[in-house]
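**Student:** Sequence and computational prediction follow.
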Amino acid sequence: MTDVLPNFKYHPNPVATGVINAGQTQCPVCNRQRSYVYEGPFYSREEVAGICPWCIHDGSAARKYHGCFQDGASCEPVDKAEYLDELVHRTPGYCGFQQEVWLSHCGDFCAYVGYAKRRDIEPLMDELENDVQRTKRDYRLSDEDFLKAVDGALCAYLFKCIHCDQHRVAFDSD
């Protein structure tokens, strides 16, 4: 029998984004043998490996190790404190080059869609205008250089609002 993965509101497909993978683990939190293992960021004083998705989802991993899966200071503002609690303590993170940023929209965090390349960004340019303009300004890039950089030195992290489906994008560089 295969374990059914829990649903994560802010990271709906962590297998596709590569932070949860099929593989046997003896979870250090619940001590159960599991068929999926978390391989994304976890910030705690202890080095912890092999956490299962179920212990992320119910918050027991964060509680046991006094840790978090996302730096709350690197999140955009939201309307309710419980949104931040769910994101940092009960949602798989994602791996970035530098400090990961979690974007928000409609007063709540967006769902992380995954890494994006130029082919993903170009059809959404109108929708992503504010994020793209800010990045071009921050990195001093022309329109042409920006699109080249998305397939080069810039890494794009695509998000989608869980309320209105608006896309957002964050960038960092190696």
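**Tutor:** Alright, I've got the coordinates.

**Student:** Contacts for the helix or strand of the chain with the lowest mean pLDDT, please.
**Tutor:** The weakest-scoring helix or strand in the chain, judged by mean pLDDT, DSSP states H and E, is helix 143-150 (a mean of 89). If you take Cβ atoms under 8 Å, 6 or more residues apart in numbering as the criterion, helix 143-150 is touched by 116-118, 121-122, 132, 135-136, 139, 141, 154, 156, 171, 173. The C-beta positions use only the backbone N, C-alpha and C, and glycine is treated the same way.

**Student:** how does it look with 10 Å?
**Tutor:** 116-122, 125, 132-133, 135-136, 139, 141-142, 152, 154-156, 169, 171, 173 (Cβ atoms under 10 Å, 6 or more residues apart in numbering).

**Student:** tell me the average confidence for the following helix or strand past it?
**Tutor:** Beyond helix 143-150 on the C-terminal side, the first helix or strand identified by DSSP states H and E is strand 154-160. For strand 154-160, mean pLDDT rounds to 96.

**Student:** Remind me what strand 154-160 packs against, helices and strands.
**Tutor:** With contacts taken as 3 or more Cβ pairs under 10 Å, 6 or more residues apart in numbering; DSSP states H and E, strand 154-160 sits against strand 104-105, strand 111-116, helix 118-121, helix 129-139, helix 143-150, strand 167-173.

**Student:** Can you tell me which of these is nearest to Ile20?
**Tutor:** strand 111-116 (12.3 Å; Cβ to Cβ).

**Student:** and that closest one, how far out from the chain's middle?
**Tutor:** A distance of 7 Å separates the centroid of the chain from that of strand 111-116, by Cα atoms, centre = their mean, to the nearest Å.

**Student:** ditto for stretch 132-140
**Tutor:** Using Cα atoms, centre = their mean, the offset of stretch 132-140 from its chain centre is 21 Å.
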